[in-house]
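Asker: pasting the sequence and the predicted model now:
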Amino acid sequence: MASSAHTKFVLYLTLTGLLSFVFGIVAEHKKPPFGTPIQGTGVVVCSFPKDLSIGFAFLSILLAIKTSVLGASSVLSAKDIPRKALFGYRLFFIFYHLAIGVACSGVGMMLWTTVTEIFHHLRKVHHNLEYTCPTAKTGMFGGAAFLHLDAMLLWVVISMIVSNVREDLHRTDEDESESQGNRVDDGY
């Protein structure tokens, strides 16, 4: 039963992470490379085509946050493993902090790029007659999407590490109970 629940959880975690990645890549693909500058009297007005890149980017951000919250909460809510034992396991400690760092970097990068894109769409009038109406830098949505994918993979690895720690702790508990049973049987 626990294995089935764990498998379902890992599949759900993987699904949210993959959707975050896909929405980030779609946001990169749908982003226009530049706007159309329209010369006015002493100003340049930028006209941008209708696109859904900002919406896809926000969906990617929300799913990346959900993936990380799911990953961290599942690890920290393990009732059968003391946190001290879990964080005392060096491999878990390294991967846990690496996953948090990568997830925060991906969300921050996607959010920064999305806000930049929003500013480009909102601030359309420019007094510099040489203004070329740029959009957010090409590749930023895609780069953040790959960070989301990396974070999801790290959370999956962490869930496997937690399973290994759980097995090691229960095996140690069984070994101790067997050795106590042997001592009683031997008359000690």
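Answerer: Nice, thanks for sending it over. Numbering: from 1, shown residues only.
Asker: buried sites along stretch 36-49?
Answerer: P37, V44, C46 (16 or more other CB atoms under 10 Å). (Each C-beta comes from the backbone N, C-alpha and C, glycine too.)
Asker: just checking, what packs against whatever helix or strand the last one lives in?
Answerer: Under the criterion of DSSP states H and E, C46 resides in strand 44-47. When contacts are defined as 3 or more CB pairs under 8 Å, 6 or more residues apart in numbering; DSSP states H and E, strand 44-47 packs onto strand 36-39, strand 125-126.
Asker: with distance to G106 and mean pLDDT added, can I get these in a markdown table?
Answerer: Shown next, in a markdown table, are the helices and strands packed on strand 44-47 (distance: least, CB to CB, whole Å; pLDDT from 0 to 100):
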| stretch | distance to G106 | mean pLDDT |
| --- | --- | --- |
| strand 36-39 | 31 | 90 |
| strand 125-126 | 31 | 89 |
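Asker: so which bits of the strand or helix carrying G24 are buried?
Answerer: Using DSSP H and E, the element containing G24 is helix 2-30. For helix 2-30, the neighbour count (16+ other CB under 10 Å) marks 6, 10, 13-14, 16-17, 19-28, 30 as buried.
Asker: just the mean pLDDT for the helix or strand containing G101, thanks.
Answerer: Using DSSP H and E, G101 maps to helix 90-122. In this model, helix 90-122 has an average pLDDT of 94.
Asker: give me the angle between that helix and helix 2-30.
Answerer: Comparing the axes of helix 90-122 and helix 2-30 via axes from the mean of the first three to the mean of the last three CA atoms, to 10 degrees yields an angle of 30 degrees.
Asker: count the neighbours of the nearest residue to K31 once chain neighbours are set aside for me.
Answerer: In space, K31 comes closest to S53 once its chain neighbours are excluded; the distance is 4.1 Å by CB to CB, 6 or more residues apart in numbering. Burial of S53 is recorded as 22 neighbouring residues (other CB atoms under 10 Å).
Asker: and if you look at the one 10 residues further on?
Answerer: Taking other CB under 10 Å as the criterion, the count of residues near L63 is 22.
Asker: before we move on, what about M140?
Answerer: The burial count assigned to M140 is 21, neighbours taken as other CB under 10 Å.
Asker: do the same with V75
Answerer: The number of residues packed around V75, counting by other CB under 10 Å, is 21.
Asker: where's it, which helix or strand?
Answerer: Secondary structure from DSSP H and E places V75 in helix 53-76.
Asker: list the buried residues of that helix.
Answerer: Residues 53-54, 56-61, 63-68, 70-72, 74-75 are the ones in helix 53-76 that count as buried (16+ other CB under 10 Å).
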